[in-house]
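S.K.: Next input, structure requested:
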Amino acid sequence: MINNLTNTDLNLSLLMIFKFLLIALSAFYLVFSFIVIRQISIMKKTLITPFSGKITLLGWIHMGFAVTVLLSFLFLVKP
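M.R.: Next up, the predicted model:
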């Protein structure tokens, strides 16, 4: 069965598997960034500091980066 596969077919299959793994990992990264936002909001309710606004902004920037990574793997990376 392997003899019937050409080098191009094998490369395309490996690239599709790699793209799927990148999308799955970036989806987990997006879930992680959502958890970070949630933890920041819980922290703000318990501990009030002058840096709370900056930490919240950094959390949202981090989530935006995670969304950008996921969308780039979905639409920009071609197998």
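S.K.: Could you list the buried residues of stretch 64-73?
M.R.: Neighbour counts over stretch 64-73 (16 or more other C-beta atoms under 10 Å) mark A66, V69, L70, F73 as buried. For the C-beta atoms, the positions are set from N, CA and C on the backbone; glycine is no exception.
S.K.: Of these, which one scores lowest on pLDDT?
M.R.: Lowest pLDDT among the buried residues of stretch 64-73: F73, with 90.
S.K.: Against T46, how distant is it?
M.R.: For F73, the distance to T46 equals 35 Å [C-beta to C-beta, to the nearest Å].
S.K.: Can you list the buried residues in the helix ranked longest in the chain?
M.R.: Counting residues, the longest helix found in the chain (DSSP state H) is helix 7-46. By 16+ other C-beta under 10 Å, the buried positions in helix 7-46 come out as L22, S26, Y29, L30, S33, V36, I40.
S.K.: of all the residues you listed, which comes closest to S52?
M.R.: Comparing the buried residues of helix 7-46 against S52 with C-beta to C-beta places I40 closest, at 8.3 Å.
S.K.: My guess is that closest one contacts I55. True?
M.R.: Yes. Contact criterion C-beta atoms under 8 Å: I40 and I55 qualify, at 5.9 Å.
S.K.: residue closest to the middle of the protein?
M.R.: Compute the mean C-alpha point of the chain, and by C-alpha atoms, centre = their mean the closest residue is S26, 2.6 Å away.
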